[in-house]
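> pasting the structure only:
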């Protein structure tokens, strides 16, 4: 078959990531000609990359979403030329692949008697969130990849549709007025359609298998693509559809069963998406054992910064448990150095080096010295204690120190497991201790910026780093700096760290504590811009405490929500069976607010 393709490209910064030429290279084995429609901007480097696949470019303002980009691509080619091809293929960059050659799909679909087809379908759904003219979502081809046969392209119906395309002013318009309408509109006119992936057994489970069962349609049906959105979807949709397992399953399949470069996924998303959004969808949490591990491959060091007198005793007790084959380096405030030496002797703690500082850590000289000290290692662990003396919440702050000790140093060979995890993950830059979620610090889990957001934005702008952040989405690190780090990754941002510390201290005249607050939130973002992600680690012994705490917090929040919503449980006896029944208090604040929801779900008030 002779085929022509229209590929729509969009990126806020105009950058063409590596997954795009990978996809187009395989696609072009099945096309005779490709037209590239650029929505918005594109870099010169990006244009050069796409120029390897096409000399036909349409540059347009980013209006009308992909729908109008497809139209302008067709207008550029013209109906006469389009009608000369057996198939016209339209696609965009919201998918990645192929994990299997596109030729398999084209060969299979060439045998089907249809007027137009696509890769996947959205099954019929009686909901109508996009205000579709039909009053529900009809079964339809998903518009990221569609193919039109010659007879269909030549038809007056098809040409009139695109020649008189209505304005698309929002994403809701693009979906509700075009994507979910197009297939049924032409089906009703007598045109035949199909999709390469048609899994009726999945229709009963979910109307959109591409998102809810991506692993099955790749593994069982050899679907050649997967959606990027799988890895940054709104988690509210995810948690109400499944338990968030799909991204991990997809990665496992890609890694173990295909030749698709996994790194293309991570590098693309790190550049373009919010880090916490990715952390939540990829589940970058690691629960590691404490048992014996072969240490022959490790070249690692533990660096400990001590300045709090009330923590000397606890610190030494934990340092005494550090495996002897790991190098220990101490940076000690001169005011407590004598006490530290005494406790080191008492607990038999040996340090490879012990250096002293007076008051300030975040200085240009201090940062330079740190990078000199870590230069001989592949991975390092850093523990920086916190101010307990002036704390108004000493028991809580001391408990948080316990948490950091347990999840950074722990017992047995836990630290070796941390270093090994860091070594095994190519783009893992930091493994931090779990986020604070206790007592007064629980707000950090949701509102972690404090007063630092403007400063972090300022620093990123000064450094020319483009990563996606939002004041509404909490940063990754919101606590003290205790982590395992990849030295190569940290080396890549050494200049940015030095520049930031100098700027905050010399130009902004920030105190040590202020610099620390900004720096801990900025560090994962600098690593993200360099192509590395940040995860969290704990061990099998501490995980029990963490799970119990989170379960208690969850049940407490549910109780509080129910009180606000006017819901409560009562014991009722029906047919001699004692059960819980949810009741709504009709005078509650939410009674009127939740009326549409209750009608939708047919909730009956007893």
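Sure, I can see it. Keep in mind that this is a model prediction, so the values were computed, not measured. Residues are numbered from 1 along each chain as shown.
> any idea how far the lengthiest helix in the chain is from the middle of the chain?
The longest helix of the chain (DSSP state H) is helix 543-565. Relative to its parent chain, helix 543-565 has a centroid offset of 25 Å by C-alpha atoms, centre = their mean, to the nearest Å.
> surely residue 363 meets residue 505?
Yes: the pair residue 363 / residue 505 is scored as a contact, 7.0 Å apart, by C-beta atoms under 8 Å. All C-beta spots, glycine's among them, are computed from the backbone N, C-alpha and C.
> quick one: the helices in the stretch 51-200 of the chain, in order.
Secondary structure of the stretch 51-200 of the chain (DSSP state H, counting those that start in this stretch): helices at 65-77, 79-82, 102-109, 150-154, 156-163, 171-173, 180-188, 200-203.
> of all those, which one is nearest residue 449?
helix 171-173 (27.3 Å; C-beta to C-beta).
> list the buried residues of that closest one.
residue 173 (16 or more other C-beta atoms under 10 Å).
> the strand or helix carrying residue 317 packs against which elements?
Using DSSP states H and E, residue 317 sits within helix 312-319. Applying 3 or more C-beta pairs under 8 Å, 6 or more residues apart in numbering; DSSP states H and E, one finds that helix 312-319 contacts strand 300-306, helix 337-347, helix 394-408.
> show residues contacting it.
304, 306, 328, 336, 339-340, 343-344, 346-347, 349, 385, 398, 401-402, 405, 409 (C-beta atoms under 8 Å, 6 or more residues apart in numbering).
> can you give me the angle it makes with helix 394-408?
20 degrees (axes from the mean of the first three to the mean of the last three C-alpha atoms, to 10 degrees).
> what's the angle from the helix or strand just after helix 312-319 to helix 337-347?
Remark: after helix 312-319, the chain's next helix or strand is strand 327-333, criterion DSSP H and E. In terms of direction (the same axes, to 10 degrees), strand 327-333 departs from helix 337-347 by 150 degrees.
> run the chain-centre distance for strand 327-333.
On C-alpha atoms, centre = their mean, the centre of strand 327-333 falls 35 Å from the chain's centre.
> one more: stretch 74-83?
On C-alpha atoms, centre = their mean, the centre of stretch 74-83 falls 39 Å from the chain's centre.
> swap in stretch 519-533?
Worked out by C-alpha atoms, centre = their mean, stretch 519-533 lies 14 Å from the chain centre.
> poorly predicted segments of the protein, please.
295-298, 564-606 (pLDDT under 70).
> centre-most residue in it?
Note on the chain: the residue nearest the mean C-alpha position is residue 278, at 1.0 Å, using C-alpha atoms, centre = their mean.
> name the SS class of the residue nearest to that residue when sequence neighbours are not counted, please.
Closest residue to residue 278 apart from its sequence neighbours, by C-beta to C-beta, 6 or more residues apart in numbering: residue 269 at 5.6 Å. What DSSP: H, G, I helix; E, B strand; the rest coil gives for residue 269 is helix.
> wait, residue 269 touches residue 233, no?
No: using C-beta under 8 Å, residue 269 makes no contact with residue 233, being 11.7 Å away.
> settle it for me: which of those two has more neighbours?
residue 269 (23 against 19; other C-beta atoms under 10 Å).
> same list (the helices of the stretch 51-200 of the chain) but as JSON lines, adding distance to residue 563.
As requested, the helices of the stretch 51-200 of the chain are exported to JSON lines (distance: least, C-beta to C-beta, whole Å):
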{"stretch": "helix 65-77", "distance to residue 563": "42"}
{"stretch": "helix 79-82", "distance to residue 563": "61"}
{"stretch": "helix 102-109", "distance to residue 563": "53"}
{"stretch": "helix 150-154", "distance to residue 563": "58"}
{"stretch": "helix 156-163", "distance to residue 563": "53"}
{"stretch": "helix 171-173", "distance to residue 563": "34"}
{"stretch": "helix 180-188", "distance to residue 563": "39"}
{"stretch": "helix 200-203", "distance to residue 563": "39"}
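> which one of the ones you listed lies closest to residue 136?
helix 180-188 (9.2 Å).
> may I see the buried residues of the closest one?
Using 16+ other C-beta under 10 Å as the test for burial, helix 180-188 gives 180-187.
> done for today, thanks.
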